[in-house]
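>>> structure for this input, please:
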Amino acid sequence: MIVGARVDFRLIHGQVGNLWSNARQVSRFMVVDDQVAEDATQKQVLRMATPATCKLSVLPVEKAAANINAGKYDAQRLFIVVKKPEVYVRLVKAGVKLDQIILGNITSMDIVKSFNRNINCGQDDVDALKELQELGVPMVIQLTPQDTPQEFKI
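Numbering: from 1, shown residues only. Just a heads-up that it's a prediction; the model follows:
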């Protein structure tokens, strides 16, 4: 069961690892990123940031979609974290059902649009957010679980 799907360029860190895991009773974090999945150092850092009470998967997009669609995590409370919204476009197009995407921290080297102090998007991010909206995936801006979610429309 997917209990959260978040965009946060920092992936797993204190805010996600502690606050979100407790609020959503997460049993497994899944980082979905093609490059990070191939980087042993980054994976080790993510393991250290993951609470001891949670399992961790670091997977490329295609493998993550295949595992989710095959029901591999159905008995777990899965929280997905990605750096960029385009990853969710790829997951949704691969058949992964998302009830909602939580926009946390998005940053780009070439900012073309700022939605708030934590969401500063490049053109690729803007395009992906538009596509997710067109695909009918609800999105909210919510930095921490204690914050009131704000509906996001582009």
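
>>> run a quick neighbour tally on Arg28.
Close neighbours of Arg28, defined as other Cβ atoms under 10 Å, add up to 18. (Glycine included, C-beta is placed from N, CA and C.)

>>> how about the contacts made by the closest residue in space to it that isn't next to it in sequence?
Of all residues not flanking Arg28 in the chain, Lys55 sits nearest, at 4.3 Å (Cβ to Cβ, 6 or more residues apart in numbering). Counting by Cβ atoms under 8 Å, 6 or more residues apart in numbering, Lys55 makes contact with Ser27, Arg28, Phe29, Gln76.

>>> the longest helix belonging to the chain packs against which elements?
What stands out as the longest helix in the chain, according to DSSP state H, is helix 123-134. Where contact means 3 or more Cβ pairs under 8 Å, 6 or more residues apart in numbering; DSSP states H and E, helix 123-134 is packed against helix 85-93, strand 139-141.

>>> got the contact list for that helix?
84-86, 88-89, 92, 101, 106, 108, 110, 112-113, 121, 139, 152-154.
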